[in-house]
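Participant: fold the following for me, if possible:
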Amino acid sequence: MFWRGRERASERPVPVDADSRAVSRARRDPRQFEPLYRKYVAQIYSFALYELRDHHAAEDLTEEVFLRALAGLPRFEDRGVAGGSTFRVWLFQICRNLLSNEHRRERRHPEAPLELAWGLTDGSDPAAVVQLRDEAGRAWSAVARLSPERRRALVLRFVEEMSAREIGEVLGRSEGAARVLVHRALRAVAADLRGST
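Facilitator: Predicted structure coming up:
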């Protein structure tokens, strides 16, 4: 009986990181990094843009993330995640660290940023477009007023569609703490929006 239980345990499939083959190829030949870059560049750029609210700064930061990832690839640890990617989480951790550095720099040397053009028009009723733009602006203003960690948790969850486990890894927290962070952030945004109407 004991032996059968051990046999079943050894038959369990070992989780494999979705990007492990691509990472292995890129480690052998840096020119093979391009598929990983193409797969994640839009996600990293989007996360940086939501944080920085400036296209040029987000582009620069995204470039820096991938340069650091390429340089650090020999030190990357593939931990094997069923249906997920530790490489993706690692990229977002690099991005988070660079964003923290950028925010520290901004606090030391404040600048007046240009506002993003929302680009929400669909060619229909101008009054509806104005209302939609106003609602989106109020929602993003409420998100912007959150603490950096809560704001990042919401962006990772709803823009990047990460799981609570992935969010926890990116933010250096447990999966449960990430769930609580997202929940509290949503409640804070809802309360903010109720108070601003």
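
Participant: drop to CA atoms for contacts and neighbour counts, all remaining ones
Facilitator: OK.

Participant: contacts for the one helix or strand H56 maps to next, please.
Facilitator: Per DSSP states H and E, H56 falls inside helix 55-72. Outside helix 55-72, the residues that touch it by C-alpha atoms under 8 Å, 6 or more residues apart in numbering are 30, 33, 37, 41, 44-46, 48-49, 52, 91, 94-95, 98-99.

Participant: mark which of those are buried, thanks.
Facilitator: Neighbour counting by 16 or more other C-alpha atoms under 10 Å classes 33, 41, 44-46, 48-49, 52, 91, 94-95, 98-99 among these as buried.

Participant: ok, the most centrally placed residue in the chain - contacts?
Facilitator: In the chain, the centroid-proximal residue (C-alpha atoms, centre = their mean) is L156; its distance is 4.2 Å. With contact taken as C-alpha under 8 Å, 6+ apart, L156 is in contact with F47, M162, I167.

Participant: farthest pair within the buried ones among the contacts of helix 55-72?
Facilitator: F33 and L52 (26.0 Å; C-alpha to C-alpha).

Participant: could you point out which element follows the helix or strand of the chain with the lowest mean pLDDT?
Facilitator: Using mean pLDDT, DSSP states H and E, helix 2-11 stands out as the lowest-scoring helix or strand of the chain, at a mean of 50. Toward the C-terminus, helix 2-11 is succeeded by helix 20-28 as the next helix or strand (DSSP H and E).

Participant: report the angle between the helix or strand following that following helix and helix 20-28.
Facilitator: Per DSSP H and E, the first helix or strand lying C-terminal to helix 20-28 is helix 34-52. Angular relation of helix 34-52 and helix 20-28 on a 0 to 180 degree scale: 100 degrees, by axes from the mean of the first three to the mean of the last three C-alpha atoms, to 10 degrees.

Participant: how far out from the middle of the chain is helix 34-52?
Facilitator: 8 Å (C-alpha atoms, centre = their mean, to the nearest Å).

Participant: and for stretch 140-155?
Facilitator: 12 Å.

Participant: what do you get for stretch 186-197?
Facilitator: That offset, for stretch 186-197, works out to 23 Å (C-alpha atoms, centre = their mean).

Participant: please apply the same query to stretch 56-74.
Facilitator: Offset of stretch 56-74 from its chain centre (C-alpha atoms, centre = their mean): 14 Å.

Participant: mind listing what's buried along it?
Facilitator: Here stretch 56-74 shows A57, A58, E59, L61, T62, E63, V65, F66, A69, L70, L73 as buried, counting by 16+ other C-alpha under 10 Å.

Participant: what do you get for stretch 159-179?
Facilitator: 160, 162-171, 173-175, 177-179.
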